[in-house]
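Asks: Return a 3D structure for these sequence lines:
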Amino acid sequence: MITISGLTKRYGDVIAVDDVSFTAAPGRVTGFLGPNGAGKSTTLRILTGLGTATSGSTTVLGTRYADLPNPGLEIGVLLDASAQHGGRTGRETLVLAQRTMGLPAGRVDELLERVGLTRAESRRRVRDYSLGMRQRLGLATALLGGPRVLVLDEPANGLDPAGIRWMRDLLRSFADDGGTVLLSSHLLAEIEMIADDIVVIGSGRVVARGTKDELLAGAGTLVRADDAGALTAALASAGHEVVPADGAVLTDADLATAGRVLFAAGVAVTELRAADGAGLEKMFLELTAATARDDVAPATTGVAA
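Replies: Predicted coordinates for the structure are as follows:
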């Protein structure tokens, strides 16, 4: 269990985190979302003892991180895979962590195998690792002590599609075995597939939190038809919002309403389902529109079209 209560962090006149409160429960994956500069990293750094709060509190399994006698046995942390010591080999990195935590030497080989790093790869210097390999090594370090809690910031960065699937299955299995996972990621489709609960933060404040189903209940419906024009016209004339979505249409009408409207209009529908990844993206953009930092229009080149 992770509990964050009234967490506030100020840097002079700047409020980076503003009265943030939420929990991440055992047996569940909690997605922690927000635009760049929203306060996610600051929150995670305070939670894992790398920063101090101006006010409020954070606890892991009911205890402050700083008060855990051997933190790696309780909480596994991966915040920045690129921060690993480049001069050490992957094995040396794990051996150092294993000895620091007082674990059996055999745990190193167990974790290397679990995260898919070969014997030859484990003997290479970390400076020569790809980002995906660093992510695997970082996750091995996080899991080394057999913790009940994982705190991960963008763990899928640098992984290929097969690696992302592997990561998703590993975290799902960890949670299904009773572990707590707090996962920060910009890959909304991955959060959509794995998260049980979602917390959205913007300008340092929580703007939404709840189960994934609760937050996406109003995400709408995705509809596809051979006659896209008739599809759009029928929904729009019935007063529903219509947004193009990868060759289909995303509408604010629920499944039953969309089906009735299109049936009455004589539109042959080829796909009709609840919005999923598109719905999460739409929800995220709407909730964080006022705080997003990446909406700058691209500069013109001065070359005539």
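Asks: use CA for all of it now, contacts and neighbours both
Replies: Will do.
Asks: residues near Asp19, how many?
Replies: 16 (other CA atoms under 10 Å).
Asks: wait, isn't it in contact with Leu7?
Replies: Yes. Here Asp19 reaches Leu7: they are 4.8 Å apart, a contact under CA atoms under 8 Å.
Asks: how much space between Val20 and Ala208?
Replies: To Ala208, Val20 is 11 Å away according to CA to CA, to the nearest Å.
Asks: What is the burial count for Leu111?
Replies: Leu111 has 21 nearby residues by other CA under 10 Å.
Asks: Low-confidence regions, this protein specifically.
Replies: Counting by pLDDT under 70, the ranges of the chain that qualify are 217-219, 246, 276-279, 290-305.
Asks: one more time with 50
Replies: Per-residue confidence for the chain (pLDDT under 50) gives these ranges: 295-305.
Asks: circling back: common neighbours of Asp19 and Leu7, please.
Replies: Gly56 (CA atoms under 8 Å, 6 or more residues apart in numbering).
Asks: ok, back up a step: neighbour count winner among Val20 and Ala208?
Replies: Comparing Val20 with Ala208 by other CA under 10 Å, the one with more neighbours is Val20, at 20 against 16.
Asks: Quickly list what that one is bridged to.
Replies: Leu7 (DSSP bridges).
Asks: do Thr58 as well
Replies: Ile4.
Asks: What are the boundaries of the helices in the stretch 51-200 of the chain?
Replies: 90-101, 106-114, 119-122, 131-143, 161-176, 188-194 (DSSP state H, counting those that start in this stretch).
Asks: which of those helices sits most buried?
Replies: helix 131-143 (a mean of 24; mean count of other CA atoms under 10 Å).
Asks: Identify the residues contacting that one?
Replies: 72, 75-78, 81-82, 84, 90, 94, 97, 111-112, 114-117, 126, 150, 155-160.
Asks: do the same with stretch 226-246
Replies: 222, 224-225, 248-253, 258, 261-262, 265, 267-270, 278.
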